[in-house]
Every structure is written in C-alpha cells, then in structure tokens.
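**Q** coords below, sequence missing:
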C-alpha cells in the first residue's frame, strides 16, 4: 500500500490553497487576493500576473506539464481541455503561463448543452478563472495536469455552466442578508457565505460484471434484475465491516482527496450491500461543490485500479437502497459562523428566528425551485421509495425548534422544557447529554442542530445546482423580510427595528408554518395531508421542471440577477432534453438487451424444456408430469408476455416525437413510457428466476453485490494506480485496466 506518514504531511499537497499561496506569492498579492474575495471584487491584471507566475512555479515543482480550465456545464459533469505550458522560442522549449492564460480561456461552445441559448453556428464561449476555488493538480500515471476552476458562458454573456449561477446567487444572497441584518439595526457584518457539508453515497462493483451489463455501461443502472433473497433484509450492511478489497479502494481514494485539500473524514458501509458513503468536513458552498465533483472522480480513478467501478446513479439496483447526496447547508458571515445556531433559548434568539422565518418562507414559496434542484430521470427512481424523502418539499424542525415557533407565533410560554439528561442504565459510562431533538431521515429539508440537511439531492447530481437554487430562494426571502422590517421601522432606532423584526418574524412563521412536518414522510397519509395543506407533490421530473420557468420564478431570477428570462427558459429546456435523452437511451438499451441476449437464451431454454417434456411424456405418460407441464407453460407464457411488453415499449417509443414541444414529450415519457418500462421489466425479471443462472446472459445482483465485494487483491508486485498511488497489485490481472466510465 502507499506510504502515508501522516495526514498533515500530505494534506493540500496538490491544492493551491490559501496556505500554499503564502509560500509562492508575495504578501502583497496574498493580501489583495483575500481582500478581493472578501469584497467580491475582481483582481487587477498585475495581481493576476503575479498569481499566475507563482502558480506555474508551484505546479511545475509537482510535475505538471499541462493546464486546463475546468468547469461544470449545464449537464453537471466536469469539462476540461488540456494545453501544455510549452512555448518554443528560437527552437528552445520554455514553460510559460501568464495572467491572461490563467484568467481567460476560449473553449468551443458548440457542443455543450445550452437549451437553445445559442445557435449551432454560434460557437464562441469563454471560461473565466474563479479565484474563490483553489487550483489543483491531478497526478495521472504518466504525468500531472494543473486544473483551474472556472465559470463558463457564451459570447452573449449567458451562463452555460452550473457555477456562474452559484456565484451570482451567492452575491444576491449576500446583498439581501446584509440588508436584512441592517434592517434589525445590526450593521456589524461585512460579508456573507454559505457552507455545505456534502455526504456522498455510491456503490462499488467489480468491473468484470459491469462489462457484462450493457444496461449499466449505457445508463448507469440495471434495467433488469432481481434483488437477491438476502438483499438488505437483515439490516446488517449498514456500518458493517468493509472487505479488504473495498477498504483498499476507499483508503487510497481518501489519501488522494487529502492531497487535493478535500477534508474527507467519514467513511462507512451504507444500507444496501455494496453501497458506501464518504463525507467531508463542511466548507464554503462553492468550494464544497467543486470538491464533491473531485470526490466522485477520485473514487472512480482509484476504483479502476482495483478492478472495480463506482456507480453514482441514484438507483442502480431495483429493490435495494438508492444513493443520495445530502447537502448540509448553513448561512454565516465574517462575524457569525452559522445563523442556524439556536443557542440556549431559540424563541428569544433574534438572528436564529429571523433566518428560520426566511427558511420556512423559502420552503413554502419556493418549494417548486427546491423540487427542481433535485429533479432528474435517475432521482425519480429514488425519491419517496422508503429510502429517500418524498417529492413533497417540507421542513422538519424537531421538538425544541417547533416549540420555539409556537412560542413566537402565540406569544405565550408553552411551559415545555427539554431535558438533555438521559439515564441509559450503565453508570460506568461517561456522562451523556443527548441532543434536544431527534433526526428525521424522511424529511427532504431537516434541521439538524445548526444547519439544514437537504436530504433529497441525488447522488449523481452536481451540488452547484441545489446550492444556487437554495441561495436564490433564500435571497428572495431575506429581501422580502428586510423590506417589510424597513417599512415598519423607517427612521427609528435599534429597539424599534428589533421590535419590527419580531413582528415580521411572527408573520412569516404563521404564514409558512404549513410546511413544517414532524412525522414519517414515507407514510402514504402524509401525501393526503400535504394536499390538504396546499403543498405541491410533483412526482416526477417533467412535472417539476414545468414550473421552473413560471412567471414567479422568472421574476425572482431576473430581479436577483441570477438568470435572464431567456436563460431560465433555456435551462428548463436543457434539463427536459436531458430527461428525454436519458430515458430514451434506457428504452433502446432495454430492447437491445432483451432482443439480442435475453430472448435467445429464454427461447433456447424453453425449447430444451419442451424437448425434455416430450421425452418424459413418452417414457412416463402425460398424467405423471403435470407439474413439469405447468412449469413449461409458465415459461412459455413469460417469454410470450415479455415479447409483447417489449413491442408495446417499442410502439410507445415511436410516439414520443409526435407529442410536440419538449415539455409534452417529457410528460408523455414520464406518464406512459416509464410505466411501460416497469411493466416490461417485471415480466423479464420473473423470467430470470425461471431460467438457469449459468445461462442467463447478465450477471446477477448476487454476483455484483456479494461475490464481487469480497475479492481481495493479493499482495505482490507493486505498481502505480491511476490515482498516482504506489500499491500492491499482486497477481490480479484487473489491477491496471482502465475503467468502464
């Protein structure tokens, strides 16, 4: 295994973070960078040039020969184009990297999704350096590349990525938070930030099995397959012991994350067999969002070395727990770490109740935006499936905070007290003080002590999206509350301003209290109750995205400077197109697998049974083999029904483009095509249970989730992984194979 003397020795080795910058930049440049970031101002050309020179020296010392402007297009996947530092002067090679090269790139925009913001022939796009996110180095097997986090936009200035909207939403939130605080008489804060702690769930599966599963290769999930009898029924996978093989993957991935300056701390097995979770320490949302993409890419690279694949699809295995990306969200300033800290007396904590009121308004008024933040074809399979929050956007507060809301709304002392002492019946154990509230894992937006956990985000989704939609919605709520306080206390002193703030807090707690739900979100009765409360239940992606470009949302995005009207409509169009394409790929893959692999095997097996039946009839008589005959008839009917369901799916596929606009096509897919895919799968999955395992063309769930997890790499010859680690490769022929994805 790789030699790691201490976390401290390697942490941030490949990250040009604030600490590293002090060794390669002058004190003046470091100071100006910090000041510009704090005040949201652009760096001067001179400072940019000095920064680039220090960055080049640092990168070359670590073996970098190339650089790339690294950004996240609308599809949520990282994009990069590598250029070398090479410049030839009079036949002599030199390495060069200036401020202009650092600050601005011009990647072709013609092949990235835009939702119609630009025509095919309008190809010019710009990538611009984001100084708030540290550059980093990825050390590949044969070299190293400097990655420069950037935003990406068109020649007309339209955002073509997921990062520029987050920067815009951050600035909008900062303006309105400072305004809201000032309205209460508090002008001591200079800057605002949001923090995110992003938990990442995923599966690890042997690459050999993946290569024999065209559905996973093409779509990231199994389109056919039965959960094994054991599955997760015994509830023994969660927090269980990691096999040696998976421990090696996760260990090496963590070390690479540390080198990249990612504060990865937690790892454990998840609910389903073969499922895992990693989680870092929270940090500013922009950096956390970028780092989460690196977490996924790092796990993938390291897993490939050990002959495994990491699956980040929200529901790769039907009947088993899906994967999420819980976004632990908070708001703070240069003076306050988080305004979601309730303190000892939440109901009298002005800051806490102010931000709680804004949050509840956000969940109520902008629940549609929060639902859009988690909408995708893959996450539709997970939401509300007794493993993830339902599609209804509500908020969980817990007993103490719910009591605080009641006190403020009624103006009365409820008399309720919360005893943190808990006698667990063993006096030899340390003194224990429990939290004042329980957790609710069924809530999509749950208060967890000093932050809100947005639990509904899907594992494959970029956190940039959930963060910029959250920040936009919160910016609107803070602005509305600030305006109302200002009207009530114009020209008055701090005591009157605080009194006005409490009046506005009470108003918004009362108006938005309906989004508070403390019960079981999986309970079908909650769906009935939510309708009575007037809450939206947008069950799938098309229904959710239909509301994205509503007049309300267009007005909010425009007023806050996050998106223009045409950009809102384009983003809606792009996401709908992605939904149509992804489900379309699944439809074609299902048909191809069935027609070319499953149907021939099932038909041959039926013919074998039929031949045996004829022989038994001759030798034993028809009356003595009725059970065998029933089995033969059952399999024959399953084959016939599977063919019929496949033909129905093919027929529906031909109708998609006749439905008109993109939204109508997506709605048809969401209501008709997806349902037919499920019906088709149900028959084929039943057929699998009737056919010989050694003849079925696809590796089973048991193979992938049990057998493939315990294969151990034997100690032996050492090598270098795709993540740049020295590891024991042993005799495993899969150790150095490239990954599937």
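**A** It's in. Computed from a predicted structure; not experimentally measured. Numbering: from 1, shown residues only.

**Q** in the chain, which segments are predicted with low confidence?
**A** 1-5, 109, 119-120, 385-387, 708-741 (pLDDT under 70).

**Q** do you know how far the residue nearest to the spatial centre of it is from residue 410?
**A** Centroid check for the chain by CA atoms, centre = their mean gives residue 461 as the closest residue, at 3.5 Å. Residue 461 is 40 Å from residue 410, where distance means CB to CB, to the nearest Å. (Each C-beta comes from the backbone N, C-alpha and C, glycine too.)

**Q** try residue 160
**A** As for residue 160, its distance to residue 410 is 50 Å (criterion: CB to CB).

**Q** Now for residue 92, how many residues are close by?
**A** 7 (other CB atoms under 10 Å).

**Q** how much space is there between it and residue 101?
**A** In this view, residue 92 and residue 101 are 20 Å apart by CB to CB.

**Q** One more: residue 291?
**A** 24 Å.

**Q** Over to residue 669?
**A** Residue 669 sits 44 Å away from residue 101, going by CB to CB.

**Q** Compare these two (neighbour count), which wins?
**A** residue 669 (28 against 17).

**Q** Residue 657 is in contact with that one, correct?
**A** No. Under the criterion of CB atoms under 8 Å, residue 669 makes no contact with residue 657, lying 10.9 Å away.

**Q** Name the residues of stretch 182-193 that come out as buried.
**A** Using 16 or more other CB atoms under 10 Å as the burial criterion, the residues of stretch 182-193 that qualify are 182-186, 189, 192-193.

**Q** got the end-to-end distance for that stretch?
**A** By CA to CA, to the nearest Å, the extent of stretch 182-193 from end to end equals 16 Å.

**Q** List of residues touching that stretch?
**A** 38-40, 170, 173-174, 177-178, 181, 284-285, 331-336, 350, 354, 481-482, 485-486, 489, 493-495, 497-498, 500-501 (CB atoms under 8 Å, 6 or more residues apart in numbering).

**Q** Pull out the buried residues from the residues you listed.
**A** For these, a burial check counting by 16+ other CB under 10 Å picks out 170, 173-174, 177-178, 181, 285, 331-333, 336, 354, 481-482, 485-486, 489, 497-498, 500-501.

**Q** Just these: which are in helices?
**A** 170, 173-174, 177-178, 181, 285, 354, 481-482, 485-486, 489, 497-498, 500-501 (DSSP state H).

**Q** Pull the number of nearby residues for the residue nearest to residue 527 when sequence neighbours are not counted.
**A** Spatially, and ignoring its direct neighbours in sequence, residue 527 is nearest to residue 537 (6.1 Å; CB to CB, 6 or more residues apart in numbering). Neighbour count of residue 537, defined by other CB under 10 Å: 16.

**Q** so how far is residue 84 from residue 537?
**A** 53 Å.

**Q** what's the answer for residue 182, then?
**A** 50 Å.

**Q** remind me, longest strand of the chain?
**A** Scanning the chain for the strand with the most residues, using DSSP state E, yields strand 143-154.

**Q** who does that strand touch, helix- and strand-wise?
**A** Contacts defined by 3 or more CB pairs under 8 Å, 6 or more residues apart in numbering; DSSP states H and E place strand 143-154 against helix 45-61, strand 64-70, strand 125-129, strand 136-140, helix 164-183.

**Q** one more time with 6 Å
**A** In terms of contacts (3 or more CB pairs under 6 Å, 6 or more residues apart in numbering; DSSP states H and E), strand 143-154 is packed against strand 64-70, strand 125-129, strand 136-140.

**Q** Sheet partners, orientation included, of the second one?
**A** It stands for strand 125-129. Each strand paired with strand 125-129, and its direction, by DSSP bridges: strand 104-105 (antiparallel), strand 143-154 (antiparallel).

**Q** Of these, flag the one that's most buried.
**A** strand 143-154 (a mean of 23; mean count of other CB atoms under 10 Å).

**Q** Next, the angle from that one to strand 64-70.
**A** Counting by axes from the mean of the first three to the mean of the last three CA atoms, to 10 degrees, strand 143-154 lies at 20 degrees to strand 64-70.

**Q** Check the offset of strand 143-154 from the chain's centre.
**A** Offset of strand 143-154 from its chain centre (CA atoms, centre = their mean, to the nearest Å): 21 Å.

**Q** got a list of contacts for it?
**A** Around strand 143-154, the neighbours that count as contacts under CB atoms under 6 Å, 6 or more residues apart in numbering are 59, 63-71, 82, 109, 118, 125-130, 133, 135-138, 159-161, 163-164, 290.

**Q** In contact with residue 25, which residues are there?
**A** Residue 25 neighbours (CB under 6 Å, 6+ apart): residue 54.

**Q** one more time with 7 Å
**A** 50-51, 54 (CB atoms under 7 Å, 6 or more residues apart in numbering).

**Q** now residue 286
**A** With contacts defined as CB under 7 Å, 6+ apart, the neighbours of residue 286 are 132-133, 166, 170.

**Q** Mind doing that once more with 8 Å?
**A** 130, 132-133, 163, 166-167, 170, 467.

**Q** Type out the PyMOL command that picks the buried ones from those residues.
**A** Selection command for PyMOL covering only the buried members of those, criterion 16+ other CB under 10 Å:
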select buried, resi 130+132+133+163+166+167+170+467
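
**Q** so how far is stretch 559-566 from its chain's centroid?
**A** Remark: stretch 559-566 is offset 24 Å from the chain centroid, using CA atoms, centre = their mean.

**Q** Residues touching that stretch, excluding its own?
**A** Counting contacts by CB under 8 Å, 6+ apart, the residues outside stretch 559-566 that touch it are 117, 158-159, 165, 168-169, 171-172, 468, 472, 475-476, 479, 554, 557-558, 571.

**Q** and those residues, which of them are in helices?
**A** The helices in this structure, assigned by DSSP H, contain 165, 168-169, 171-172, 468, 472, 475-476, 479, 554, 557-558, 571 from these.

**Q** Quick check: closest non-adjacent residue to residue 382.
**A** Per CB to CB, 6+ apart, closest to residue 382 is residue 322, 3.7 Å.

**Q** Over to residue 148?
**A** Going by CB to CB, 6+ apart, residue 148 has residue 135 as its nearest residue, at 5.0 Å.

**Q** What about that neighbour, how many residues nearby?
**A** Residue 135, neighbours per other CB under 10 Å, totals 25.

**Q** Now do it against residue 170, distance only.
**A** Taking CB to CB as the measure, residue 135 falls 20 Å from residue 170.

**Q** Kindly report the same for residue 80.
**A** Residue 80 is 24 Å from residue 170, by CB to CB.
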